[in-house]
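Student: Fold the following and give me the result.
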Amino acid sequence: RLFCRIINTGLLAKSNILFIINPISGGKDKLKIPALIDANLDRSRFNPNYSVTEYVGHAAEIAEEAANKNFDIIVAVGGDGTINEIGSKVLLQNKVLGIIPFGSGNGLARFLKIPMNPTRAIQVINNLHVKQIDTATFNDKVYFNMAGMGFDAHISSVFAGNKKRGFSGYLKVGLKEMLDYMPETYTIVIDGKSYTRKAFVVSIANSSQYGNNAHISPLASVSDGLLDVCIVKNFPLYRLPVLGYYMMTGNTHKSDMVEIITGKEIHISRPKEGAIHIDGEPFFMGTEIDISINPLSLNIIVPAE
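Tutor: Numbers count the residues shown, from 1 in each chain. Below is the predicted model:
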């Protein structure tokens, strides 16, 4: 495999590395990122190149073109949505993915313990410790961190049109929309066993958290070959702070408001088509959803354990 070749050669030949920068993710300024990378990247091991995205989907286009060229490593500078666009192409070409977190939540990066400080994240890339992690498909779309439907997907859809990026903007939209949102009834088949649940949220977790250390499935792992189906039951609004406390303390699996079932092959039927989210990005899908795990399929740079 590619990452074995990179490690086994001891990087005697420099690796070509492309940094794809999303300038709007997380509402954070990234004009100085190329200079920061130049100052901190180990130039004895890497030849850096840079591309800046200009529209939704552009990161995927750049990554696809780069993956077909002589780039060993492609780094996403952005949030979970940017990682998804780039990682989907890296996965197909069996390249290596790197992350410099610059999103609103940075769920996958936080789970993998990639530093939020960009200088330290660059140092992780310098160390080139490569791990294989699970990925998943949601109908025909690949994801790496979290996907689902219900209230969180509704919020992702509404938030996509909000000019105020970042966690505070997300929270403001969420509290406003919660007052009018009605839960739906889902039929969920997990490895052949059927469940019918009225739910506020159905999240299919690969990692433990949405982002900002809000853990929906604290015991989830990206290397166990399983997905965690997290069903947030319908609950009275006054219990929202309790659910938030469980999520922020990593104890959601102990809450009576959340049911978590693990599996490899999942089918979900819902009463009507509508919003879903894949790694935080909104999409529109029909009533039938198929989700499956792809064990240890993505090569990604992580901190050494």
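Student: Which other helices and strands does the longest helix along the chain contact?
Tutor: Using DSSP state H, we find that the single longest helix of the chain is helix 80-93. The contact analysis (3 or more C-beta pairs under 8 Å, 6 or more residues apart in numbering; DSSP states H and E) places helix 80-93 against helix 58-67, strand 73-78, strand 96-101, helix 107-111, strand 141-143, strand 281-285, strand 288-301. From N, CA and C alone the C-beta is placed, and that goes for glycine too.
Student: and of the ones you listed, who's closest to Glu85?
Tutor: Minimum separation from Glu85 across the helices and strands packed on helix 80-93 (C-beta to C-beta) falls at helix 58-67, 4.0 Å.
Student: which parts of the longest helix of the chain are buried?
Tutor: Neighbour-count burial for helix 80-93, counted by 16 or more other C-beta atoms under 10 Å, picks out 80-91, 93.
Student: what about Met285, neighbour count?
Tutor: Applying other C-beta atoms under 10 Å, we find 18 residues neighbouring Met285.
Student: do the same with Val158
Tutor: 16.
Student: Surely Thr196 forms part of a strand?
Tutor: Yes - with DSSP: H, G, I helix; E, B strand; the rest coil as the criterion, Thr196 is located in a strand.
Student: ok now do the closest residue to Lys141 other than its chain neighbours, which residues does it touch?
Tutor: Nearest residue to Lys141, sequence neighbours excluded (C-beta to C-beta, 6 or more residues apart in numbering): Ile278, at 5.3 Å. By C-beta atoms under 8 Å, 6 or more residues apart in numbering, the contact list for Ile278 reads Asn84, Phe138, Lys141, Tyr143, Ala147.
Student: just checking, the fourth one touches Asp279?
Tutor: Yes - the criterion here is C-beta atoms under 8 Å, and Tyr143 meets it with Asp279 at 5.0 Å.
Student: between these two, what contacts are shared?
Tutor: In contact with both Tyr143 and Asp279: Asn84, using C-beta under 8 Å, 6+ apart.
Student: Quick one: the helices in this protein, in order.
Tutor: Under DSSP H, the chain gives helices at 2-8, 33-40, 58-67, 80-93, 107-111, 118-127, 151-159, 167-178, 240-248.
Student: Among those, which comes closest to Tyr186?
Tutor: Closest approach to Tyr186 among these (C-beta to C-beta): helix 151-159, 12.3 Å.
Student: Taking helix 80-93 as reference, get the angle to that closest one.
Tutor: 110 degrees (axes from the mean of the first three to the mean of the last three C-alpha atoms, to 10 degrees).
Student: Number the residues from 119 up from this point.
Tutor: All set: I'll call the first residue 119, so the last point we hit is now helix 269-277.
Student: In helix 269-277, which residues are buried?
Tutor: For helix 269-277, burial by neighbour count (16+ other C-beta under 10 Å) applies to Phe269, Asp270, Ala271, His272, Ile273, Ser274, Ser275, Val276, Phe277.
Student: where does this protein dip in pLDDT?
Tutor: Scanning the chain for pLDDT under 70 picks out the ranges 119-130, 145, 277-295.
Student: Could you chop the chain up by domain?
Tutor: 120-246, 259-412 (automatic domain parsing).
Student: Tell me which of the ones you listed approaches Asp252 most closely.
Tutor: Among the domains of the chain, the nearest to Asp252 by C-beta to C-beta is domain 259-412 (5.3 Å).
Student: can you pull the contacts of Glu182?
Tutor: Lys207.
Student: Any chance you could list what contacts the longest helix of the chain?
Tutor: With C-beta under 8 Å, 6+ apart as the criterion, helix 198-211 contacts 138, 140, 143, 171, 175, 177-178, 180-182, 184-186, 192, 194, 214-215, 217, 220-221, 223-227, 253, 260-264, 329, 396-399, 415-418.
Student: redo that, cut-off 7 Å
Tutor: With contacts defined as C-beta atoms under 7 Å, 6 or more residues apart in numbering, helix 198-211 is touched by 138, 140, 143, 175, 177-178, 181-182, 185-186, 192, 194, 215, 217, 221, 223-226, 253, 260-263, 329, 396-399, 415-416.
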